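K.L.:
A structural model of the following input is requested.
(chains A, B, C and D)
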Amino acid sequence: MDDKKCIIMTSNSKSGPGDAGRTGSWRVERPVIDLKKCTPAKRQKASCYLCWLYCPDGVISKELEPQINLEYCKGCGICAQECPTSAIEMVEETRLIEEERKINEKN
Amino acid sequence: MNKQVTNPVNLTAEEFMHPGNRACSGCGLSTLYRIGLKALGRDSIFVVPPSCLTVMQGLYPIAATQIPCLNVTFASTAAAASGVRAALKVRKKENTKVVAWAGDGGTSDIGIQSLSAAIERGEDFLYICYDNEAYMNTGVQRSGTTPQGTITTNTPIKGKIQKNKDLPKIIAAHNPTYVATCSAAYPLDFYNKIIKAISLKGMKYIHIHTPCPSGWGIAERLSITVGKMAVNAGLYDLYEVENGKKTLSGPSSKLLQKKELPRVAEYLKIQSRFRALSEQQIAEIQAEIDTKWEGYRQEVG
Amino acid sequence: MSSEITRIRWHGRGGQGAITAAKIVAKAAFDSGYEGIVMVPSFGTERRGAPVSTSLKISKTKINDLSPTENPDIVVVLDHLILDEVDVTAGLKEGGLLVLNSPRKLEDYQFKNIKLAIADVTGLSSEVGLKKGIVNSGIIGVLAKAVDLVKMSVLAKGIEAEFVGKKPEENAKSALLAYERTEMGEM
Amino acid sequence: MKRIESGNVAAALGVKLAKTQVVAAYPITPQTPLTEKLSELIEAGELEAEYITVESEHSALAVCIGAASAGARAFTATSANGLLYMSEQVHWAAGARLPLVMCVVNRGVGAPWTVWNDHQDSISQRDAGWIQIYVNDHQEIIDTVIKAFRLAETVSIPVMVCYDGYYLSHTHMPFDVPDENKVDTFLPAYSYKHTLNPESPENLNTVTMPFARPDRDGVNKPGYMDIRHNLQQELRTSIPVFEEIDTAYKAIFGRGGSPILSAYKCEGADFIVAAMGSLSNRIKDIVDELNLEGLKIGVLSVHLYRPFPQAQIIAALQDAKGVIVIEKALSYGNQGALFGDIKAALYPCIKRPFAHSYIIGLGGREIKKADLYDAIKESCTTSETFEDTSRWIGLNR
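P.N.:
Model prediction:
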């Protein structure tokens, strides 16, 4: 039936990450996990994971040592706020970037 | 009951929403959506009107969601969902879940007509209203569910004069199969209520109190905390309505044992949107909450 | 062309079944080989009890003009009391036909330059066991008697088909009885 | 099989033969009997479809938009203010490229209220991106509804089948009901390119940027303007597609042959009257009389109004001395809608006929044969050039 070859253009989006780009750049503060305080890391047993549960962007992994995907973490700080053991600290992003730059220069 | 209790440990790690989406930092809707999709699973079709969710789900050609979604006009969500359901019925794909997901403006104001009709027809889908108590996507204008006294961009000095509509109550008066209220601060309660809703035939409605850092005037990190405060102060109640019977559920039901609840002033004063409220108004809100909970306690004896 | 079209205007009250009667005649005419049939109900907001009219045009060939008839060849009136409310003969052609359900006699009426066909359809429809006020089947019999357009037998069949489940035989009988009892006169 | 029924029933039987799967219905005069008939056919089991009784026309089209996006053949109908109330959805359906069919039973729009016929309702939606077809009698109603589904689904553009309220909707006339099995061979199963499907999820009608943007694989995808340009291009494509579909229909059912424009006594005519809907048939009688009086005059009935068939209009009219456009709608503050379109189409012609415009029958104002006769005759004898205003006939009656 499509002998007239209609293209039929519509706005039909396909699933993929990073629609808003690398949203990690939105961060003012970066969550840093102290694994000595983090319950699953400390116990080496799947537990707690409230940071994972509450994270609006799903950028925290549910591992024994939870990882934060900094490429996309927007730095809202909910994980730090809700962590029952205060294992997550929000650290000024510019300071960390500066420190990282220095480390890279040394290497 | 030997039912397994859902907790962060046993909740599926599979994500149906991509990171790097356009939700604001600390968005209450974003958490809800993420956990809600886990409850709904892949065999679902969404119907979404203009709202923050439209933007969060992605701009063409990238979708932040892995669930098929039909974006529709503002007033037509429940009607379009009825059409999707009808098509699935004739195509004999009745197991696919149809989920309408809209904001408070899209539900309590412009969308209430088509929603009311869909419930009256006894349609079979789940309608989720995330209520952040104003038109946030257009920059925080007052909606039908905005509480009295709230500063918004079109109630900028005195705050909203009128009281808010009790939308879940209006919906419950239609006698749908299931009505529940939830809070974005309690995503597992939301998860459980979705699981229950989708096990039932007919029209299901879930209303969610959804903190919005930019619209409410709170720090991004506080959106869960502030949501919990609303529930714990007894201001926003989590309940279910089935067969015309309302039952407090989840965190709210636990408040019944408490003699005194935290003062609502704490919740109100943390948010800059309530800065126009006088002490007198705050006292009136507290008095209303006290009367309401007195009633709840008497009901359960 | 226009000269070959027979135009019938029906007058009744909303709910009386004038449109149904016109439809039965339209179908019967169609079944009798007429190609051009246009049945135009009065347009708008019909309300039960209020006077309504319907136009029926019948021709051997296709009809292009779908407007209501202004100059009928035949006027059919389902209720003689309508004569007091509506000028039913307005536009009726000279020498045209008026088909009337009335308990009164031919001589009781004074029209000019028309043919009058009259029968007490209301009375005889209760005679055949129809509910009081069912006159739309009977009036067809009066029309059939007065004008040679469609055969009474075809019309009777049409009535039975239309009234399936609603006393079809009695309705057909009412038409046949009216056919027999019709009085005709020229004035 | 020949039947004698109202135009609304003719439309309903077409919808039934098309095996429509979802019907959305909201009452408005004079469309109501069409969707009532469909409810009867569905309840009686003669049509297997979901019948959804919505609370407004806005929702009626929303149901169709949802159903068509989820893979079902959907239909609704409306009139007048109902069409205007769904206007947002009308535009939406075209932008989403949904192959819907909707009957518009033409009625004047309020205020003030009128229930009677003119074309202002559908004409006011002419820029929405739908295909608009105006039909003249019951046979055309039923045939066109069936063809409309195939057309909509071939080019993935929604189609409005417009017919006159009361004049056609409530009038009983004989027409042939096509054979069901033959319709099944004519009309393939429903298809929509972007059907909502959990197995290959797509997010449809998302916010689209003013510029092209790369997708997840880095391939540039069109911006809003490109998508709209494609709609315009494919609306143009739908003209020959409609002709092909009509030819295929004629091959099976023996009817059709002039789906875009139908000409009556136009060959070699000095003057041509252009009109839409049942009025064009009525004008044939007038034209017959004028031909007897020695005028060489014909009638051009415009069926396909959107996309506007410029090339066909030029071919039909350029050799005439004059074109007389008689219509029941206008672009307020300007002139007759069809008149403006016809003039624009003729602009490139080196030798152009004069063009006169008449507005008639608004809100059901009685159209007298004498009015039509006088207007047409006057236009043929005065032979003025292009006019920019429309003359109104039948005022103050």
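
K.L.:
so where do the strands sit in chain A?
P.N.:
For chain A, the strands defined by DSSP state E occupy A:12-15, A:29-33, A:88-92.

K.L.:
Same list as before, those that is, but in CSV and with mean neighbour count included.
P.N.:
To be clear about C-beta, it is placed using only N, CA and C from the backbone, and glycine gets the same treatment. Compiled in CSV, the strands of chain A are given as follows (neighbours: other Cβ atoms under 10 Å in any protein chain shown):
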stretch, mean neighbour count
strand A:12-15, 22
strand A:29-33, 19
strand A:88-92, 17
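
K.L.:
would you list those strands in TSV and tack on mean pLDDT and distance to chain C?
P.N.:
Output for the strands of chain A, formatted as TSV (pLDDT from 0 to 100; distance: least, Cβ to the nearest Cβ, whole Å):
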stretch	mean pLDDT	distance to chain C
strand A:12-15	95	45
strand A:29-33	97	69
strand A:88-92	97	70
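
K.L.:
B:Asn21 is nearest to which of the ones you listed?
P.N.:
Smallest distance to B:Asn21 across those (Cβ to Cβ): 11.1 Å, for strand A:12-15.

K.L.:
Which residues outside the closest one are in contact with it?
P.N.:
Residues outside strand A:12-15 that contact it (Cβ atoms under 8 Å, 6 or more residues apart in numbering or on different chains) are B:18, B:57-66, D:194, D:201-204, D:206, D:215-216.

K.L.:
returning to that earlier point: quick one: which of the strands of chain A is nearest B:Gly83?
P.N.:
With distances scored as Cβ to Cβ, the stretch of the strands of chain A nearest to B:Gly83 is strand A:12-15 (17.9 Å).

K.L.:
ok, that closest one: who's next to it in the sheet?
P.N.:
Strand A:12-15 has these partner strands in its sheet, going by DSSP bridges: strand B:62-63 (parallel), strand D:202-204 (antiparallel).

K.L.:
Quick check: which of those strands is nearest to D:Asp270?
P.N.:
Judged by Cβ to Cβ, the one of the strands paired with strand A:12-15 that comes nearest to D:Asp270 is strand D:202-204, at 52.7 Å.

K.L.:
any bit of whatever helix or strand comes next after the closest one sitting next to chain A?
P.N.:
Scanning forward in sequence from strand D:202-204 by DSSP states H and E, the next helix or strand is strand D:213-214. No. Strand D:213-214 does not reach chain A (Cβ under 8 Å from any Cβ of the partner chain); its nearest approach is 9.9 Å.

K.L.:
how about low-confidence regions in chain C?
P.N.:
For chain C, the stretches with pLDDT under 70 are C:1-3, C:43-46.

K.L.:
From the centroid of it, which residue is nearest?
P.N.:
Nearest to the mean C-alpha position of chain C, by Cα atoms, centre = their mean, lies C:Val76 at 4.2 Å.

K.L.:
Run through the bridge partners of that residue.
P.N.:
For C:Val76, the beta-bridge partners are C:Trp10, C:Val99 (DSSP bridges).

K.L.:
That one against C:Gln16, yeah?
P.N.:
No. Using Cβ atoms under 8 Å, C:Val76 is not in contact with C:Gln16, being 11.6 Å away.

K.L.:
Report the secondary structure state of the closest residue to chain A within the stretch 151-300 of chain D.
P.N.:
Using Cβ to the nearest Cβ, D:Arg216 is the residue of the stretch 151-300 of chain D that sits closest to chain A, at 3.0 Å. For D:Arg216, the secondary-structure state derived from DSSP: H, G, I helix; E, B strand; the rest coil is coil.

K.L.:
contacting residues for it?
P.N.:
D:Arg216 sits in contact with A:14-17, B:61-62, where contact means Cβ under 8 Å, 6+ apart.

K.L.:
rerun at 6 Å
P.N.:
Going by Cβ atoms under 6 Å, 6 or more residues apart in numbering or on different chains, D:Arg216 touches A:16, B:62.

K.L.:
quick one, phi psi at it?
P.N.:
When read as degrees, to the nearest 10, the backbone of D:Arg216 gives phi -60, psi -20.

K.L.:
quick one: which of the strands paired with strand A:12-15 is nearest C:Met184?
P.N.:
Among those, the nearest to C:Met184 by Cβ to Cβ is strand D:202-204 (70.9 Å).

K.L.:
mind listing the strands for the stretch 151-300 of chain B?
P.N.:
For the stretch 151-300 of chain B, the strands defined by DSSP state E, counting those that start in this stretch occupy B:178-183, B:204-209, B:239-242, B:245-248.

K.L.:
For burial, what's the neighbour tally of C:Asp31?
P.N.:
Residue crowding around C:Asp31 was assessed by other Cβ atoms under 10 Å in any protein chain shown; the count is 17.

K.L.:
what kind of secondary structure is the residue nearest to it when sequence neighbours are not counted in?
P.N.:
What sits nearest to C:Asp31 in space, not counting adjacent residues and going by Cβ to Cβ, 6 or more residues apart in numbering or on different chains, is C:Val154, at 6.0 Å. Three-state call for C:Val154 (three-state DSSP): helix.

K.L.:
Could you verify my assumption that C:Val154 touches C:Ala29?
P.N.:
No. At 8.6 Å, C:Val154 does not count as touching C:Ala29 under the criterion of Cβ atoms under 6 Å.

K.L.:
higher neighbour count, those two?
P.N.:
A count of neighbours by other Cβ under 10 Å puts C:Ala29 above the other of C:Val154 and C:Ala29, at 27 against 16.

K.L.:
Tell me the secondary structure at the more buried one.
P.N.:
Taken by three-state DSSP, the conformation at C:Ala29 corresponds to helix.

K.L.:
Look up how far D:Gln125 lies from it.
P.N.:
For C:Ala29, the distance to D:Gln125 equals 38 Å [Cβ to Cβ, to the nearest Å].

K.L.:
residue ranges of the strands in the stretch 201-350 of chain D, please?
P.N.:
D:202-204, D:213-214, D:220-221, D:261-264, D:271-275, D:297-302, D:304-306, D:322-327.

K.L.:
actually the stretch 51-200 of chain D, not the one I typed
P.N.:
Using DSSP E, counting those that start in this stretch, strands in the stretch 51-200 of chain D cover D:74-78, D:101-106, D:131-134, D:159-164, D:172-176.
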